[in-house]
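Asker: Here's my sequence, what's the structure:
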Amino acid sequence: MNTAPEYVALERLGYREVKRRELDETAKNIRQNHKCLLDLKFCAETFKHVRKLDPPKQAAPFTTTATSTGISAHDQTTWKIESHDPLEVLRQAYATLAAYAELK
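Answerer: Below you'll find the model as predicted:
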């Protein structure tokens with residue numbers, strides 16, 4: 001589901017040859033129209049990369065956040081990535097994506 005905005009972007013761009021930046025910007029705009037798609041991207045990247053590295057800030061200490069290694073399949077109280085409940089994020093994203101004509 002996380003890559004669905006790229007598929008919608010390709011459809012909207014007419015599957016023509018475009019620069020990666022244009023495709024990324026179009027997909028980013030799609031995600032920004034629906035917070036749940038931004039949340040889905042955050043959670044998917046956290047699961048994929050195990051942990052998120054905070055962007056470097058001048059004079060700030062190095063930090064990591066939202067580690068998926070703390071999530072247990074057997075303990076639902078651990079089913080959080082920062083403030084996100086991945087199951088709820090999936091439900092909201094599915095409902096949002098189901099409404100896109102480009103995905104039907």
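
Asker: Student question: in this structure, what's the helix or strand with minimum average pLDDT?
Answerer: Ranking every helix and strand in the chain by mean pLDDT, DSSP states H and E puts strand 64-65 at the bottom, with a mean of 56.

Asker: Residue 6 and residue 27 touch, don't they?
Answerer: Yes: using CB atoms under 8 Å, residue 6 makes contact with residue 27 at a distance of 4.7 Å. Where you see a C-beta, it was placed from the backbone N, CA and C, and this is true even at glycine.

Asker: Contacts only, for the spatially most central residue of the chain.
Answerer: The residue lying closest to the centre of the chain (CA atoms, centre = their mean) is residue 41, at 0.6 Å. For residue 41, the contact set (CB atoms under 8 Å, 6 or more residues apart in numbering) comprises 2, 31.

Asker: residues of the helix or strand harbouring it that come out buried?
Answerer: Assigned by DSSP states H and E, residue 41 belongs to helix 35-49. Neighbour-count burial for helix 35-49, with 16 or more other CB atoms under 10 Å as criterion, is recorded at 36-44, 46.

Asker: Those into CSV, with extra columns for pLDDT and distance to residue 23?
Answerer: Below are the buried residues of helix 35-49 laid out as CSV (pLDDT from 0 to 100; distance: CB to CB, whole Å):
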residue, pLDDT, distance to residue 23
36, 97, 21
37, 98, 16
38, 97, 17
39, 96, 21
40, 97, 18
41, 95, 15
42, 90, 20
43, 89, 22
44, 90, 18
46, 82, 23
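
Asker: Who has more neighbours out of residue 6 and residue 27?
Answerer: A side-by-side neighbour count of residue 6 and residue 27, using other CB atoms under 10 Å, places residue 27 first with 22 against 16.

Asker: wait, isn't that one in contact with residue 12?
Answerer: No: with contact defined as CB under 8 Å, residue 27 does not reach residue 12; the gap is 9.6 Å.
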